[in-house]
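K.L.:
Provided below for reference: sequence and predicted model.
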Amino acid sequence: AAGAEARYGGDNELLIRVENQAAAPREGAIYIKETLAGFLCDTIGVNYCGLWGDVALRAYGEATVEELFALPDLPGERVLLRARLRNDGPTRRELALNARVREGDAVRGTSAAALSLEPGEARELELPLALPGYRPWTPAEPQLYLAELDILDGGALLERQRVRFGMRSVAAVGNRLLVNGRPTFLCGFINWMMDYRTLAPKPNPERVRREIRDLRAEGFNAVKFCLVTPPEEVLDAFDELGMYAYIEYPVWNPELTPAFYRRAYAQLPELIRKDRNHPCVVMSDFNCEMHAYSPEMEALMRFAVTEGRRIAPNRLYLDNSSCGVERFGDFWATHPYEQLNQFARAARAWEEMRLQQGVKPLVFGEYADTDALRDTERVRRENGGQDPWWWARFGTPDPVRELKKQGFSAGEIRRLTDQSALNAAQCK
């Protein structure tokens, strides 16, 4: 909060620090390995630091809503609207709170409360909103509702906050994943949100929707966001079109310094809060492929899972998606990268090993990394007749050109390309 530094009604200057995260460590810099930068900036070496997300300076009154969370209670046919309010003014405020839940233009439920806040005080409260005969959020019917909260003082409206939500539950019962009480099998697709055309994980909204429709048409019902936090508009599209999301927050091979831990303890709860009102998000983890924990890392992972369950109890949690250590969480995850003819054996072996450690649902957080021959002539046409810049940057050969050099005919190359796509479909 800017507080007294902001000029209400006047011009304000917002200064943003931008670091070259591809640069070598230097005095006074923010080193990428001491941040929650994830996988791509570090391993792939593509530098998308900069101002690629939305940044804003919002003015609010002395009494304001700091947080708003709609927690579905399906057995009770209601939603619990949890709010955190703060009084930044010099005097005590006697506030009236009016809440409602809407389905389109119709008001489906209301609730009211009174709250007294001393100067500088912040408090949390919960308003139950009845929602009899609700329609649950499912991929087949992604029903969404809108919760509104008004803050009034002496009958005058000080602030109105809105949050969209869906009536959806998720639970791990034995080795089954239950969504809305029904056994659910996830068939998912990995997404690092890497697009060489834009670099930053800020995709075109219409392209996101097209990709969701394409994935659904191919039989997928989930996407794992691997070591990246998707922007709000991406999760909005998942909510609206009916696609499950598994978010892996970006702790990847960090330098375990005090600066890293300071940032992780501060930022992981913020990331959980950012995503918690989206019914599409059914599970999360906080680390990837770490094979052993230091005492400090184990404490951080315990904190992350515990805070996740407290802040957003409407999803499942795991500390570390890997073939290595997993101490905490509601499910198991592993990464069985195997050739297709060995996949069934590997899957059975991992199932047996993990279930010996405890009966939980087993998720293959990563698998089936299968190369496919693409129509590179089409790629070139869509790039103005030129090779994409990233082919040269990463030394990517054009497989069609290579096959032509080896004497393959156009028909043979087409058959190989089609067979390659069938192999990838068989892995799926």
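P.N.:
Noted; the coordinates are in hand.
K.L.:
Going by C-alpha atoms from here, please, whenever you check contacts or count neighbours.
P.N.:
OK.
K.L.:
To which secondary structure element is residue 403 assigned?
P.N.:
Using DSSP states H and E, residue 403 maps to helix 399-405.
K.L.:
Which strands and helices lie in contact with that helix?
P.N.:
Judged by 3 or more Cα pairs under 8 Å, 6 or more residues apart in numbering; DSSP states H and E, the packing partners of helix 399-405 are helix 410-427.
K.L.:
Can you name the residues in contact with the helix it packs on?
P.N.:
If you take Cα atoms under 8 Å, 6 or more residues apart in numbering as the criterion, helix 410-427 is touched by 340, 368, 370, 371, 372, 373, 374, 375, 400, 403, 404.
K.L.:
farthest residue from the center of this protein?
P.N.:
residue 407 (46.1 Å; Cα atoms, centre = their mean).
K.L.:
gap between that residue and residue 205?
P.N.:
According to Cα to Cα, to the nearest Å, residue 407 stands 42 Å off from residue 205.
K.L.:
try residue 96
P.N.:
From residue 96 to residue 205 the distance is 38 Å (Cα to Cα).
K.L.:
With neighbour numbers in mind, choose between the two.
P.N.:
residue 96 (18 against 13; other Cα atoms under 10 Å).
K.L.:
What is the neighbour count of residue 297?
P.N.:
When neighbours are counted by other Cα under 10 Å, residue 297 registers 14.
K.L.:
Look at it and tell me its secondary structure.
P.N.:
What DSSP: H, G, I helix; E, B strand; the rest coil gives for residue 297 is helix.
K.L.:
Local confidence estimate at it?
P.N.:
Residue 297 is assigned a predicted lDDT (pLDDT) of 97.
K.L.:
show me what contacts it?
P.N.:
Here residue 297 is in contact with no residues (criterion: Cα under 8 Å, 6+ apart).
K.L.:
For the nearest residue to residue 209 once chain neighbours are set aside, the count of nearby residues, please.
P.N.:
Closest residue to residue 209 apart from its sequence neighbours, by Cα to Cα, 6 or more residues apart in numbering: residue 237 at 6.3 Å. Counted by other Cα under 10 Å, the residues lying close to residue 237 total 17.
K.L.:
show me where the stretch 201-350 of the chain has helices.
P.N.:
For the stretch 201-350 of the chain, helices defined by DSSP state H, counting those that start in this stretch occupy the ranges 205-217, 232-241, 258-275, 295-311, 343-357.
K.L.:
Can you flag the weakest of the ones you listed by average pLDDT?
P.N.:
helix 343-357 (a mean of 88).
K.L.:
So what's the gap between that one and the chain middle?
P.N.:
27 Å (Cα atoms, centre = their mean, to the nearest Å).
K.L.:
And for stretch 140-153?
P.N.:
Centroid separation between stretch 140-153 and its chain, computed with Cα atoms, centre = their mean, is 21 Å.
K.L.:
pLDDT weak spots in the stretch 301-428 of the chain?
P.N.:
Where the stretch 301-428 of the chain drops to pLDDT under 70, the residues are 370, 428.
K.L.:
Could you rerun that using 90?
P.N.:
322-324, 336-347, 350-357, 367-380, 382-383, 388-401, 414, 416-428 (pLDDT under 90).
K.L.:
can you check the stretch 101-250 of the chain too?
P.N.:
Judged by pLDDT under 90, the stretches of the stretch 101-250 of the chain that qualify are 192-204, 218.
K.L.:
tell me which residues in stretch 341-355 are buried?
P.N.:
Residues 343, 346, 347, 350, 351, 354 are the ones in stretch 341-355 that count as buried (16 or more other Cα atoms under 10 Å).
K.L.:
centre of the chain versus that stretch, how much separation?
P.N.:
On the basis of Cα atoms, centre = their mean, stretch 341-355 sits 28 Å off its chain's mean C-alpha point.
K.L.:
Now do residue 18, the pLDDT please.
P.N.:
75.
K.L.:
host element of it?
P.N.:
Going by DSSP H and E, residue 18 is not part of any helix or strand.
K.L.:
Hmm, residue 51 and it touching each other?
P.N.:
Yes. Applying Cα atoms under 8 Å, one finds residue 18 in contact with residue 51, separated by 7.4 Å.
K.L.:
residues contacting residue 74?
P.N.:
167, 168, 169.
K.L.:
residue contacts, the second one?
P.N.:
Contact criterion Cα under 8 Å, 6+ apart gives 72, 74, 136, 137, 138, 179, 180, 279, 314 as the residues in contact with residue 168.
K.L.:
So it: helix, strand or coil?
P.N.:
Following three-state DSSP, we place residue 168 in the coil state.
K.L.:
State the number of residues packed around the closest residue to it other than its chain neighbours.
P.N.:
Spatially, and ignoring its direct neighbours in sequence, residue 168 is nearest to residue 137 (5.4 Å; Cα to Cα, 6+ apart). Applying other Cα under 10 Å, we find 23 residues neighbouring residue 137.
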